[in-house]
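A.B. asks: Make a model of this:
(chains A and B)
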Amino acid sequence: MHQENESNQERELRNMDKDTIILGVIGADCHSVGNKILELFFTAEGFKVVNLGVMVSQQEFINAAIETNARAILVSSLYGHGEIDCQGFRDLCLEKGLDRILLYVGGNLVVGKTPFEIVEEKFKKMGFDRVFPPDVDLKQVAELLKQDIKERFGADSQGPRDKGSAGEPTKPEQDARPEDRRKQSSSGG
Amino acid sequence: MKKIISLDIGSTWTKGGLFSLDTLGLKLEKRIAVPTTQANLVQGFSQALAGLLQKDKDTPLKELTGPAEIYFSSSAKGGLRIAAIGLVPDLTLQLARLAAMSAGGKVIASYSFTLTRSDIDHLEKLQPDILLFCGGTDGGNSHYVLENARKLAASSLSCPVIYAGNRAAAEEVVDLMKAKEVIVTENLMPEVGQVNLEPAREKIRDIFLKRIVSGRGLSEIVELFGTLPRPTPLAVFELISAIPQYQTDWSDLAAIDIGGATTDFYSNTESYLETDTVVLKGIREPKVKRTVEGDLGMRVSARSLADSGWPYLEERLSELRLEATRLRTYLDKIARNLDYLPQSEEETGFDRLLAETCVYYAALRHIGGWKETYTPQGRVYVQTGKDLRRVKAIIGSGGFLSATHSADVMRRPLQKLRTYGQERKLLPEKPLFYADRQYLFSLLGNLVGKYPAEATALAVASLENLNDED
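C.D. replies: Have a look, this model is predicted:
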């Protein structure tokens, strides 16, 4: 059960100054090779990568982002159903209090030969900050990501205040647990 | 030859066993059970001990030291009542629940995200023995634990708090909760998906010792015999953990312990086998796992069992062409008299149905499942929870299952569970069934720390094979 030889302190020191990003392939998509490459690449670029692997749901991305206080979620989709899978992602993030998180998406996002500009517009409308075609230069993505994190979170070493409403006093009459809110939001879209 | 005595102080009975140990191993010489003396646990303990040593039952405890090594456990009125606070329900909260149960506690409430005012009210009313408080990976989210720490600090709760959340927030949590007893330990989930239950389990055990030893007057025993009690379910947990290590034929096993108030389910098997067609969702559960169900039991919890378990009971009643009203009458009868033993064939049958129902729902909650999904790459199974398909042996324990002569009371409900809704449950594929006929598991669990090879050998040798009879 207890596999780490590295002490907590050492691990913390190693990871403290790194930005956490969440990685995964969304929906019923099992393409795992590219996912592994992305993990290696972004780790080498100095990020703390939490890789959720294949067939990841919106809720799982968001759960991991909440627990780790992540800066960005990088969504991959290779099988053409990305548009359906990603619908409502930003809304769900907002519902769960992730109001500053960066959302990136990339891959073969739609079926057929839709021009990339149209695809990009579609996903940006859905609330994704950056949209990438399958042949993008990863180096470029990493640079953009560093830049975007800097812009959005600045020198805030404590990490983002990841829940907008949490700073406000709780309204007891509402008594809405986040789980309840999730139900409402997922039925709503 | 060495004499070893193991005692278990239960809520109604204090049970004991005298064992001899020589080069051939451990042997049971004598068993005893005396009523537990709730007012003073030491009295029942010393009576049981005197009985095992063939001394007069009023012999002072002091005069019973010497002839044998003593080990003991205590159920502490059904185990420590633990409230669990996590962040995301499927991640840290689920781990908090697992840690509490595998330390021998009962989860009486669990909360995710931000505690509301009514959550705090509820907690204050419940008065848990321990608050297990976690959330966030190390260096991850600290917002929620700090928010909740502030609210807990302002509450009237007086129990010890174990903090096993984001390490980066630990100091601030302690500062915020200055007026409370806060024990900081390693994070239950230092990274997403990484499971680290042991440190929190250890702290729960420490608190159990403090509470039970000083709180229930056991310090006299501890001083005289130089041995610390352990929670009864933890003793069984440790035995289940050790069996495959020392008895290599018993590599994958499970145990079901049905009592009057609760049903415990233990398993020791790898929780997930990675393949191309099976994808695990949520946390990877530990190899040794205990779950305890406070609403499933044969007497104290018979009513809640009938509520939670009605769909299964109803199906079985119609299969057996039995009247539901007769069962209701029986439930009323045992609710009035918790020591009631069946007096007719019909009543024995009803007890068997109740036991089946405990097995069904305890297994449903303990065991994971697969959902079939079609993807462009073909058919894939999405697994949640623990895979018990490789479990080869299932051991029944507790009043009813220890006494049963038929594997059916366990086999039938498990067969009915194969598919549940959309899910294929990952049940043991071809299990053999056994009964802990002499009710030795908790007693041997006390010995497993010191004599692992001998205690596990006697544990498996004492089991009765139920498989030839059906």
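
A.B. asks: Check which helices and strands the longest helix along chain B sits against.
C.D. replies: The residue-count maximum for a helix in chain B (DSSP state H) belongs to helix B:345-366. Applying 3 or more Cβ pairs under 8 Å, 6 or more residues apart in numbering or on different chains; DSSP states H and E, we find helix B:345-366 packed against strand B:253-258, strand B:263-268, strand B:288-293, helix B:302-308, helix B:310-319, helix B:324-336, helix B:399-403, helix B:408-416. (C-beta placed from N, C-alpha, C; glycine too.)

A.B. asks: In the second one, which residues are buried?
C.D. replies: It refers to strand B:263-268. Neighbour counts using 16 or more other Cβ atoms under 10 Å in any protein chain shown place B:263-268 of strand B:263-268 among the buried residues.

A.B. asks: Check the fourth one too.
C.D. replies: Neighbour counts over helix B:302-308 (16+ other Cβ under 10 Å) mark B:302, B:305-306, B:308 as buried.

A.B. asks: Kindly report the same for the shortest one.
C.D. replies: Across helix B:399-403, burial judged by 16+ other Cβ under 10 Å covers B:399-402.

A.B. asks: swap in the fifth one?
C.D. replies: Using 16+ other Cβ under 10 Å as the burial criterion, the residues of helix B:310-319 that qualify are B:312-313, B:316-317.

A.B. asks: That helix - contacts with which helices or strands?
C.D. replies: Applying 3+ Cβ pairs under 8 Å, 6+ apart, one finds that helix B:310-319 makes contact with helix B:324-336, helix B:345-366, helix B:408-416.

A.B. asks: hmm, try it at 10 Å
C.D. replies: Judged by 3 or more Cβ pairs under 10 Å, 6 or more residues apart in numbering or on different chains; DSSP states H and E, the packing partners of helix B:310-319 are helix B:302-308, helix B:324-336, helix B:345-366, helix B:408-416.

A.B. asks: What strand or helix carries the most centrally placed residue in chain A?
C.D. replies: With distances taken as Cα atoms, centre = their mean, residue A:73 lies nearest the centre of chain A, 1.3 Å away. Following DSSP states H and E, one finds residue A:73 within strand A:72-77.

A.B. asks: Okay, now the sheet partners of that strand, with direction.
C.D. replies: strand A:20-25 (parallel), strand A:102-107 (parallel) (DSSP bridges).

A.B. asks: list the helices and strands the following helix or strand past the first one packs on?
C.D. replies: With elements assigned by DSSP H and E, the helix or strand that comes after strand A:20-25 is helix A:33-44. Using 3+ Cβ pairs under 10 Å, 6+ apart as the contact criterion, the secondary-structure elements in contact with helix A:33-44 are strand A:20-25, strand A:48-51, strand A:72-77, strand A:102-107, helix A:138-153.

A.B. asks: now the angle between strand A:72-77 and helix A:33-44, please.
C.D. replies: 160 degrees (axes from the mean of the first three to the mean of the last three Cα atoms, to 10 degrees).

A.B. asks: Just the residues contacting helix A:33-44, thanks.
C.D. replies: With contact meaning Cβ atoms under 10 Å, 6 or more residues apart in numbering or on different chains, helix A:33-44 is reached by A:18, A:21, A:23-25, A:29, A:47-54, A:56, A:72, A:74, A:76, A:78, A:106-107, A:134, A:138-139, A:141-142, A:145.

A.B. asks: Separate out the buried members of these.
C.D. replies: Using 16+ other Cβ under 10 Å as the burial test, these include A:21, A:23-25, A:29, A:47-54, A:56, A:72, A:74, A:76, A:78, A:106-107, A:141-142, A:145 as buried.

A.B. asks: of all the buried residues of helix B:399-403, which comes closest to chain A?
C.D. replies: Nearest to chain A among the buried residues of helix B:399-403, counting by Cβ to the nearest Cβ, is residue B:401 at 28.3 Å.

A.B. asks: So what are the sheet partners of the next helix or strand after the longest helix of chain B and their directions?
C.D. replies: The helix or strand immediately downstream of helix B:345-366 is strand B:369-375, counting by DSSP H and E. Paired neighbours of strand B:369-375 in the sheet (DSSP bridges): strand B:378-384 (antiparallel), strand B:423-425 (antiparallel).
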